[in-house]
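**Q** Requesting a structural model of the entry that follows:
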Amino acid sequence: MAPVTTPAELTAHVRSMIPVLDAMGVEVVEAGRNTVAARLPAGPNVNHFGTAYAGSLFTVAEVLGGLYASTSLVLEGAVPLVKSLTIDFLRPATTDVVARATLDDDVINRVLAETTEHGKSDFELVAEVTDADGTVVARTRGLYQMRRF
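**A** Predicted structure coming up:
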């Protein structure tokens, strides 16, 4: 069974593993079996136009795949890695944003079983990044691979 990890504990963990996330102020706000989410504050992530920097929007969405290693894709010696990720920038963001992704139980169970049997398993993860008003400002589609090392 997946370990119980609070959003605060997971925030501290990812910030220590990936120091740039600390500088960006990324905060895990949801760490469930199926859904994970992270907040990106506007402050340190604003570009020269006064909107969210594209690289910061990309980062807060991309890191979601790795959060599953602490919530539902938990296998000793295995981690989810990003293989490719595309992003559509839909609207400028001028507020804090939240990136959110969901994996259903069938995908989770398949990935765990395939990784156990074959040492790896690919899965797709779609994330939406929304501003303070709930407007979708970006959407990502990523191909991740759970891989045993």
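
**Q** how about the residue most central in space within the chain, what does it touch?
**A** For the chain, the residue nearest the mean C-alpha position is L64 (0.9 Å; Cα atoms, centre = their mean). Shown in contact with L64 (Cβ atoms under 8 Å, 6 or more residues apart in numbering): 36-38, 99-101, 125, 127. (C-beta placed from N, C-alpha, C; glycine too.)

**Q** other SSEs contacting the helix ranked longest in the chain?
**A** Determined from DSSP state H, the single longest helix within the chain is helix 105-118. Applying 3 or more Cβ pairs under 8 Å, 6 or more residues apart in numbering; DSSP states H and E, we find helix 105-118 packed against strand 120-130, strand 136-148.

**Q** now with 10 Å?
**A** strand 78-89, strand 120-130, strand 136-148 (3 or more Cβ pairs under 10 Å, 6 or more residues apart in numbering; DSSP states H and E).

**Q** want to throw these into TSV with distance to F58 and mean neighbour count?
**A** As requested, those are arranged in TSV below (distance: least, Cβ to Cβ, whole Å; neighbours: other Cβ atoms under 10 Å):
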stretch	distance to F58	mean neighbour count
strand 78-89	5	15
strand 120-130	9	19
strand 136-148	7	19
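
**Q** In TSV, list the ones you listed along with mean pLDDT and distance to E114.
**A** As requested, the helices and strands packed on helix 105-118 are arranged in TSV below (pLDDT from 0 to 100; distance: least, Cβ to Cβ, whole Å):
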stretch	mean pLDDT	distance to E114
strand 78-89	97	11
strand 120-130	98	4
strand 136-148	98	8
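
**Q** of all these, which lies closest to P7?
**A** In terms of Cβ to Cβ, the element of the helices and strands packed on helix 105-118 nearest to P7 is strand 120-130, at 16.4 Å.

**Q** Summarise which helices and strands the closest one is packed against.
**A** Applying 3+ Cβ pairs under 10 Å, 6+ apart, we find strand 120-130 packed against strand 35-40, helix 54-62, helix 64-67, strand 78-89, strand 97-102, helix 105-118, strand 136-148.
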